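Engineer: This is a predicted model, with the sequence first.
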Amino acid sequence: MKFATTRELSSQTSRLLNTVNKKSPVVVTRHGKPSYLITAIEVDDLEDIILAQHLDLEKEWERSNREYREGKTIPLSKIKIKRKRRG
């Protein structure tokens, strides 16, 4: 695992990202303390990563379903959008 400062990240971004591409994460420090982790991901893992970072996603999904069942929302098919013509 490589450590780099924010200044190094700014001035040597390509070099650090090439290190990450080799499956070796980079910890970026700010004022001497670890602040960021740069790691390589696969395209297939992106959705899992996003879901893992959004801890309230399940609660939001349940809330939106409840509002829909209670009739507090409008289906997208019923929304009419006015468009301006460019000319």
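Structural biologist: Good, I have the coordinates.

Engineer: switch to C-alpha atoms for all contacts and neighbour counts from now on
Structural biologist: OK.

Engineer: So which residues make contact with whatever helix or strand Ile50 lives in?
Structural biologist: In this structure, Ile50 is located in helix 46-53 according to DSSP states H and E. For helix 46-53, the surrounding residues in contact (CA atoms under 8 Å, 6 or more residues apart in numbering) are Leu57.

Engineer: Next: stretch 57-64.
Structural biologist: Among residues not part of stretch 57-64, those counted as contacts by CA under 8 Å, 6+ apart are Leu51.

Engineer: returning to that earlier point: chain center to the helix holding Ile50: distance?
Structural biologist: Averaging C-alpha coordinates over helix 46-53 and over its chain gives two centres that are 8 Å apart (CA atoms, centre = their mean, to the nearest Å).

Engineer: Helices of the protein, start to end?
Structural biologist: Counting by DSSP state H, the segments of the chain that form helices are 6-11, 13-21, 46-53, 57-69.
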